[in-house]
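could you look at this predicted model? Sequence included:
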Amino acid sequence: MAKNDVVLIDAIVDQRTADNYPSSQRDEVFEFLALEQLLKDHDLSHDELESGWVDGRDDGGLDGFFILVNGHLVQDPLAFAWPKRSAEIEVWILTCKHHETSQQAPLNSLLASIPELLDLGLDRPALRGSYSEGLLDQRALLHTVYRRLSIARPSLKFRFAYVSRGDSESVAPNVAARADQIVSAVQALFSDCEASFQFIGAAELVALYRRTRTFSIDLPVTEYATRGSGSYVALARLDDYCRFVTDESGHGGVPLAVEISGPLPVFLTQVFR
């Protein structure tokens, strides 16, 4: 890690703290910056990031808890467009501390919480730990997503990350061992899942901050016809197309790729950077 990576991260945090974005507390600003950068490619709005920001009293060691299906954040199960097949559930569980090193205490809390928080067979009254309503709501949402997509045989991935201002290459063995135990605890709860743990330090945060985000937008298509050699003619509503080629501010994006998924109604997916 370059020494000045910490200087740059601190400068960003200080500026955002001065702007009161999203708080006047430096540790909270650092947490939000970490959530924003790690989930950058999912193009989450401020409100969407706050929906999974569960830090506070009785947070069980979790600062961020986000559930995505095929890359889209799930907030309201009733309004979500559920896939009927090829479903991927991705769960991000983040611990963000404005520390100069990765410390064991936050992971001790996480290791104590994960075995029961992710045991979806336990009803809320059966939980022994003391958890905030926001955290319990996210747990209930994961339960809903997992059951709702059971028929689609979804793949399940858990992404854990501990974010600090430290050096990710100098994590103490006892801290790394706690991370391995958390991964093992998750794999013991789900027979077929992928679980990983990352340590993110100042260098990784700087790299994420400098990287241009990548995101995708779906265009509902009412009809389409093939023209051979991978060419298609598609018919879409004009208002849908306008949303497809512009961002939230009405500016046009730069497409990196356009993919077609079907069957009807198909979606054209445009990837912007």
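Great, that's in hand.

mind listing the strands for the stretch 51-200 of the chain?
64-69, 72-73, 88-96, 155-163, 194-200 (DSSP state E, counting those that start in this stretch).

dump the fourth one to CSV, keeping only the CA atoms.
Extracted as CSV, the C-alpha positions of strand 155-163 are listed here (Å, rounded to 0.1, in the frame of the first residue of the first chain):
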residue,chain,number,x,y,z
SER,A,155,-27.2,-19.8,-7.3
LEU,A,156,-26.3,-18.2,-3.9
LYS,A,157,-23.3,-16.1,-3.2
PHE,A,158,-22.2,-14.4,0.0
ARG,A,159,-19.7,-11.5,-0.3
PHE,A,160,-18.2,-10.5,3.0
ALA,A,161,-15.8,-7.6,3.3
TYR,A,162,-14.0,-5.8,6.1
VAL,A,163,-13.2,-2.2,5.0
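
coming back round to it: using TSV, lay out the strands of the stretch 51-200 of the chain together with distance to Arg16.
No exception for glycine: its C-beta is placed from N, CA and C like everyone else's. Formatted as TSV, these follow (distance: least, CB to CB, whole Å):
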stretch	distance to Arg16
strand 64-69	17
strand 72-73	22
strand 88-96	14
strand 155-163	15
strand 194-200	18
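
how about those strands in TSV, adding mean pLDDT and distance to Tyr209?
Below are the strands of the stretch 51-200 of the chain laid out as TSV (pLDDT from 0 to 100; distance: least, CB to CB, whole Å):
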stretch	mean pLDDT	distance to Tyr209
strand 64-69	98	17
strand 72-73	96	21
strand 88-96	97	14
strand 155-163	97	12
strand 194-200	97	12
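
format those strands as TSV; extra columns: mean neighbour count and distance to Glu28.
Supplementary listing: the strands of the stretch 51-200 of the chain in TSV, determined by neighbours: other CB atoms under 10 Å; distance: least, CB to CB, whole Å:
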stretch	mean neighbour count	distance to Glu28
strand 64-69	22	12
strand 72-73	18	21
strand 88-96	22	10
strand 155-163	21	13
strand 194-200	17	17
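
Arg237 is nearest to which of the ones you listed?
Nearest to Arg237 among these is strand 72-73 (20.4 Å), distances taken as CB to CB.
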